[in-house]
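1. Need a 3D model of the sequence below.
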Amino acid sequence: MKGWTLLVDRRADRDALDPDLARLAVTARHYVTRPEEYAGPGRKVVNLSRSYAYLGTGYYASLLAEARGHKVLPTVAAMVELSQRALLRRRLPGLEDELNRRARRLTEPPAEGFTLFVAFGETDDARFPAFARRVFEALRVPLVEVRVRHGEWLTIGGVHAVGLDALDDGRRAVAMRALRRFVRGPFASPRPKGPPRWRLAVLVDPKEALPPSGPRALKRLARAGAAMDVAVETIGAADLPRLAEFDALFIRRTTAIDDVTFRFARRAEQEGMPVIDDPTSILRCTNKVYLAELMRSARVPMPRTRVIDRMRDLEGLGDDLGWPVVLKIPDGSFSRGVEKAGDPAALARIARGMLADSDLILAQEYMYTEYDWRVGVLGGEPLFVCQYLMAKKHWQIVRHTADGGADEGGFRTFAVAEAPAEVVDVAVRAARPIGDGLYGVDLKQTPSGVHVIEVNDNPNLDAGVEDAVLGDALWRAVITWFLARLEGTAAGTARIDRTG
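-> Residues are numbered from 1 along each chain as shown. As a prediction, the model looks like this:
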């Protein structure tokens, strides 16, 4: 414990510490007013003041500790962040993701709201030890209470610092144990460094059942960004007014024209920010009728396709395309809005229902394969190649169940160089007329050749799947795409590091 100083407000707070800790304690006022006793760098200070209010004694204690070259917890920046809701809100989406991920693993999830006490990353709540560590890592404040609101999605209603005087016997025991552990180890504060050069906002929907990127993937993206001087921060639908605080936008929730994702993309474009997915790509990819016409114009092979706008267009369709016939609504995603008709009666029934919701639908030749190829294309270059296997006893890669769930098939990931050259070539040709962002091209390989099924503007990038071959290099490629546009370089993603 050599070199440590604990700051308390009153002698009574010092006397309430365990004897081995009390020997390290002085009042914050004494520390502030006796600079000659605490001169010189190297001291490690834990500020346990009852209040961190702006310009109060606790505030000045940390401020002067920093001026004296001491390592202090919490820093003034941490105090300010905790006291200002707008700053604290930037931390909450990531913390709420972690909280809900841990809650879902419990045998009995919380049935009501609760308050979690966190002392130096430890807690008296046996359900959330890992979350408590995450809170301390994010906020770097010794003693805090996290107010959790109950609901289908647990939300953080507030976080505030707690003084030693407010602790009951149980919490005091947790605090003393955690404090002893803290002062027996290295200070473990983040190394001071300047602010990141760029800030990338990642738009997510924590409640989405099938998100394009899960929490593990977003962590890997953030890690790659940090190594490249780009701060990656998740934001939600309510953060549109503060989008201009960032330098670039990466949309990682399913896109649609009538969804908040399109409004974010438009705002980013208006602000001159690099964005994936850009509004034009969303417009082009979310409508299968448009895609079919675009592929035809670009001479990219697709299954034989007909546009249907009235019931009489169905006459002779099965004889023309062959049975069964696949019917698609223009803006379906994740295998939704795609059905298969095996005879004229089923064809009429399905088409009638779809035409009630859309003036145009697609009829397409049925091509059965055991898997679909997915080629990720970034900046005009292939990024990853996967095989998505069909869901068990189903003809699509996702089978939606009656209870709203979904069953997915397995996958295999390939190095681009090991994938069939024709598959990769057709995918790149299909993505080229869409734009230069990130696309997932779905293809079927049959004896008659390789055919594009669709081009997705918001393809999955998930940990252990699409990055299974490239690893961190995949996430570095994404960050590089944004950096090239932020820095005005021509490199873009012309060279993707495929060493992993």
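2. Which pLDDT value goes with the residue nearest to A292 when sequence neighbours are not counted?
-> Once flanking residues are discounted, A292 sits nearest to T305: 4.9 Å by Cβ to Cβ, 6 or more residues apart in numbering. Placement of C-beta: from N, CA and C, glycine included. Looking at T305, its pLDDT stands at 86.
3. Just to check, T305 is in contact with I361?
-> No. Counting by Cβ atoms under 8 Å, T305 stays clear of I361, with 11.0 Å between them.
4. Specify which residue of these two has the higher count of neighbours.
-> Between T305 and I361, I361 has the larger neighbour count (other Cβ atoms under 10 Å), namely 23 against 19.
5. quick one: the more buried one from V307, how far?
-> Per Cβ to Cβ, to the nearest Å, I361 is found 8 Å from V307.
6. Check D278 too.
-> Noted for D278: a distance of 26 Å to V307, by Cβ to Cβ.
7. Tell me which of those two has more neighbours.
-> Shown here are D278 and V307; by other Cβ under 10 Å, D278 has more neighbours (23 against 14).
8. Which residues are in contact with that one?
-> A265, A268, E269, G435, G437 (Cβ atoms under 8 Å, 6 or more residues apart in numbering).
9. of all those residues, which two lie farthest apart?
-> Spanning the widest gap among the contacts of D278 are A268 and G435, at 14.1 Å by Cβ to Cβ.
10. Name the residues linked to the residue nearest to A292 by a beta bridge.
-> Q364 (DSSP bridges).
11. So what are the sheet partners of the one helix or strand L7 maps to and their directions?
-> Using DSSP states H and E, L7 maps to strand 4-8. If you go by DSSP bridges, strand 4-8 pairs up with strand 25-27 (parallel), strand 44-47 (parallel).
12. can you give me phi and psi for T234?
-> phi -80, psi 140 (degrees, to the nearest 10).
13. should've said D372
-> Phi and psi for D372, reported as degrees, to the nearest 10, are phi -100, psi 140.
14. Where does the prediction get shaky in the stretch 401-500 of the chain?
-> Applying pLDDT under 70 to the stretch 401-500 of the chain flags the ranges 401-409, 489-500.
15. Identify each of the strands in it and give its residue range.
-> Using DSSP state E, counting those that start in this stretch, the strands of the stretch 401-500 of the chain run over 406-408, 411-414, 438-446, 449-456.
16. Now tabulate these in a markdown table and tack on mean neighbour count.
-> As requested, the strands of the stretch 401-500 of the chain are exported to a markdown table (neighbours: other Cβ atoms under 10 Å):
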| stretch | mean neighbour count |
| --- | --- |
| strand 406-408 | 16 |
| strand 411-414 | 16 |
| strand 438-446 | 22 |
| strand 449-456 | 21 |
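17. and of those, who's closest to R242?
-> Going by Cβ to Cβ, the one of the strands of the stretch 401-500 of the chain nearest R242 is strand 438-446, 23.7 Å.
18. Which residues does that closest one contact?
-> 276-277, 281, 285, 303, 367, 369, 372-378, 383, 388, 420, 422-423, 426-428, 430-431, 450-461, 478, 481.
19. List only buried entries from those residues.
-> For the contacts of strand 438-446, a burial check counting by 16 or more other Cβ atoms under 10 Å picks out 276-277, 281, 285, 303, 367, 369, 372-378, 383, 388, 423, 426-428, 430-431, 450-461, 478, 481.
20. Cross these against helices and list the overlap.
-> Taking DSSP state H as the definition of helices, the buried ones among the contacts of strand 438-446 contribute S281, C285, V423, V426, A427, V428, A430, A431, V478, W481.
21. Looking at these, spot the one nearest L179.
-> Nearest to L179 among those: V478, at 40.9 Å, using Cβ to Cβ.
22. Now do the closest one against L486, distance only.
-> Note on V478: its distance to L486, by Cβ to Cβ, is 13 Å.
23. Please, a ChimeraX command that selects the buried ones among the contacts of D278?
-> If you want just the buried ones from those in ChimeraX, going by 16+ other Cβ under 10 Å, the selection is:
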select :265,268,435,437
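24. need the strands for the stretch 101-250 of the chain, in chain order.
-> Under DSSP E, counting those that start in this stretch, the stretch 101-250 of the chain gives strands at 114-119, 143-149, 155-161, 198-203, 230-235, 248-251.
25. Check the model's average confidence along the fourth one for me.
-> In this model, strand 198-203 carries a mean pLDDT of 95.
26. Alpha carbons of it, in PDB - could you do that?
-> Presented in PDB, the C-alpha positions along strand 198-203 are these (Å, rounded to 0.1, in the frame of the first residue of the first chain):
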ATOM      1  CA  TRP A 198     -11.900  11.000 -35.200                       C
ATOM      2  CA  ARG A 199     -15.300   9.900 -33.800                       C
ATOM      3  CA  LEU A 200     -17.300   7.200 -35.500                       C
ATOM      4  CA  ALA A 201     -21.000   6.800 -34.500                       C
ATOM      5  CA  VAL A 202     -22.400   3.300 -34.800                       C
ATOM      6  CA  LEU A 203     -26.200   3.300 -34.900                       C
END
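27. now what about it, what contacts it?
-> With contacts defined as Cβ under 8 Å, 6+ apart, strand 198-203 is touched by 218, 221, 225, 229-237, 239, 243, 245-253, 261, 264, 479, 482-483, 486.
28. Please list only the buried members of those residues.
-> Among these, the ones that count as buried by 16+ other Cβ under 10 Å are 218, 221, 225, 230-236, 239, 243, 246-253, 261, 264, 479, 482-483, 486.
29. How many residues are close by the nearest residue to T57 once chain neighbours are set aside?
-> Nearest in space to T57, with sequence neighbours left out and distances taken as Cβ to Cβ, 6+ apart, is A28 at 4.9 Å. A28 has 28 neighbouring residues, counting by other Cβ under 10 Å.
30. got it, and P196?
-> Neighbours of P196 (other Cβ under 10 Å): 15.
31. contacting residues around it?
-> For P196, the contact set (Cβ under 8 Å, 6+ apart) comprises G225, A226, D229, V230, A231.
32. Just to check, the last one is in contact with A224?
-> No. Counting by Cβ under 8 Å, A231 sits too far from A224 to count as a contact (11.7 Å).
33. From P301, how far off is the residue minimising distance to the centre of the chain?
-> Most central in the chain under Cα atoms, centre = their mean is L218, positioned 4.1 Å from the mean C-alpha point. L218 is 35 Å from P301, where distance means Cβ to Cβ.
34. now F128
-> F128 is 53 Å from P301, by Cβ to Cβ.
35. Then A78?
-> For A78, the distance to P301 - Cβ to Cβ - is 58 Å.
36. Which one of the two is surrounded by more residues?
-> More crowded of A78 and P301, by other Cβ under 10 Å: A78, with 20 against 17.
37. Tell me which other helices or strands the helix or strand where the more buried one lies touches.
-> Taking DSSP H and E as the criterion, A78 maps to helix 76-83. Judged by 3 or more Cβ pairs under 8 Å, 6 or more residues apart in numbering; DSSP states H and E, helix 76-83 is in contact with helix 57-67, helix 85-88, helix 129-139, strand 155-161.
38. With distance to A346, mean neighbour count and mean pLDDT as added columns, please give the ones you listed in TSV.
-> What follows is the helices and strands packed on helix 76-83, written out as TSV (distance: least, Cβ to Cβ, whole Å; neighbours: other Cβ atoms under 10 Å; pLDDT from 0 to 100):
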stretch	distance to A346	mean neighbour count	mean pLDDT
helix 57-67	71	20	84
helix 85-88	55	12	58
helix 129-139	50	19	87
strand 155-161	45	17	89
